[in-house]
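J.: Generate a structure from the sequence data that follows.
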Amino acid sequence: MRRTIGVNTWVWVSPLTDDSLREIAAKAAGMGFGALELPVEQPGDWSADVASEVLAEHRLSAVVVGAMGPGRNLVAAPGSEVVATQNYLVQCVKTAERLGSRVVAGPFTAATGRTWRMDAEEREARYRELRTALAPVVRQAEERGIRLAIEPLNRYETSLVNTVEQALEALGPLLGPGLGLTLDSYHLNIEEKHVGDAIRAAGDHLAHVQVCGNDRGAVGDDHLDWPEFLDALDDVGYTGPLGLESFTGENATIAVAASVWRPLASSQDELAARSIRYLTALQDERHPA
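T.: Numbering: from 1, shown residues only. The predicted model follows:
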């Protein structure tokens, strides 16, 4: 199965603006990408109306991505903070609807980087709390034909949901047309005993896929078994895009958040170009014209 290859604007810039979107869309389309992941760090950073025009001009599809920065929490937080986070997620859903994105992807549990120890009883309680907070957002997403896609993160970025198994446990009753999973090769490589089996365990709950090298660098310059990765996606019938997600180290905030302490390629353009060349060649090899 051939899939669209997309790229996150975080490869080049944070936060996204209308002007940087115009530049990145032209660049990404010129490299051969067919989709853009558009992060909503703060609603209003960029205009959905402008984005719609720019994406149409370059024949790019959209995937809306959320960011759980400090103060965005759905569990173990003051009620006002939970409500503000719910409102933020609803805004992301409305943006996705405007752009024709079928998913809103991100680690929608607690602020990224927030960790604490939990025994089994507290974990179960936090998962119930998470489902309660997510339920109204999931309903609104489903009503708009959008699927919220929650991403397990590695142990250094969260202590709530690290694996596919935990995601299925935490979200189980809500999973369906309005809620699925985002799986990211970077986090899978750290947390899962077998990446392919983890993807297969997600099954039809898999709503979005993000890719990068195991070091957050270029796809294919790393030790991940990419043919097996694609085999697993075939096995679960995933037809969505492969979204390249890496980060620029030139922005202090995002470099610290993503622990980008050294260059991951000779340039961000090279990181993107090497990734799409590798993925395109691999798909060509598997599915000759």
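J.: Go ahead and confirm residue 248 touches residue 11.
T.: Yes. Proximity of residue 248 to residue 11 meets the contact threshold set by CB atoms under 8 Å, at 6.6 Å. Every C-beta, even on glycine, is put in place using the N, C-alpha and C of the backbone.
J.: between these two, who's got more neighbours?
T.: For residue 248 and residue 11, the more surrounded residue by other CB atoms under 10 Å is residue 11, and the numbers stand at 24 against 19.
J.: List the contacts of that one.
T.: With contacts defined as CB atoms under 8 Å, 6 or more residues apart in numbering, the neighbours of residue 11 are 244, 245, 246, 247, 248, 268, 271, 272.
J.: now residue 255
T.: For residue 255, the residues meeting the contact criterion (CB under 8 Å, 6+ apart) are 247, 248, 249, 261.
J.: Most widely separated two among those residues?
T.: Checking the contacts of residue 255 against each other with CB to CB, the farthest-apart pair comes out as 248 and 261, at 12.8 Å.
J.: Show me the strands in the stretch 1-150 of the chain, by range?
T.: For the stretch 1-150 of the chain, applying DSSP state E, counting those that start in this stretch gives strands covering 5-8, 35-40, 61-66, 103-106, 147-150.
J.: and those as CSV, adding mean pLDDT?
T.: Putting the strands of the stretch 1-150 of the chain into CSV (pLDDT from 0 to 100) gives the following:
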stretch, mean pLDDT
strand 5-8, 98
strand 35-40, 98
strand 61-66, 98
strand 103-106, 98
strand 147-150, 98
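J.: mind giving me a markdown table with those and columns for distance to residue 203 and mean neighbour count?
T.: A markdown table is the format used below for the strands of the stretch 1-150 of the chain (distance: least, CB to CB, whole Å; neighbours: other CB atoms under 10 Å):
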| stretch | distance to residue 203 | mean neighbour count |
| --- | --- | --- |
| strand 5-8 | 22 | 26 |
| strand 35-40 | 23 | 25 |
| strand 61-66 | 20 | 25 |
| strand 103-106 | 16 | 27 |
| strand 147-150 | 14 | 28 |
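J.: For these, could you give me a markdown table that also reports distance to residue 278?
T.: As requested, the strands of the stretch 1-150 of the chain are exported to a markdown table (distance: least, CB to CB, whole Å):
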| stretch | distance to residue 278 |
| --- | --- |
| strand 5-8 | 10 |
| strand 35-40 | 17 |
| strand 61-66 | 20 |
| strand 103-106 | 22 |
| strand 147-150 | 24 |
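J.: Which among those strands is found nearest to residue 72?
T.: When the strands of the stretch 1-150 of the chain are compared for distance to residue 72 using CB to CB, the nearest one is strand 61-66, at 8.5 Å.
J.: Could you check the angle that closest one makes with strand 35-40?
T.: For strand 61-66 against strand 35-40, the angle by axes from the mean of the first three to the mean of the last three CA atoms, to 10 degrees is 30 degrees.
J.: Quick one: list the elements packing against strand 61-66.
T.: When contacts are defined as 3 or more CB pairs under 8 Å, 6 or more residues apart in numbering; DSSP states H and E, strand 61-66 sits against strand 5-8, strand 35-40, helix 48-58, helix 79-99, strand 103-106.
J.: got those as a markdown table, with distance to residue 184 columns?
T.: Listed next are the helices and strands packed on strand 61-66 as a markdown table, based on distance: least, CB to CB, whole Å:
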| stretch | distance to residue 184 |
| --- | --- |
| strand 5-8 | 11 |
| strand 35-40 | 11 |
| helix 48-58 | 23 |
| helix 79-99 | 18 |
| strand 103-106 | 9 |
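J.: That concludes my questions; thank you for your assistance.
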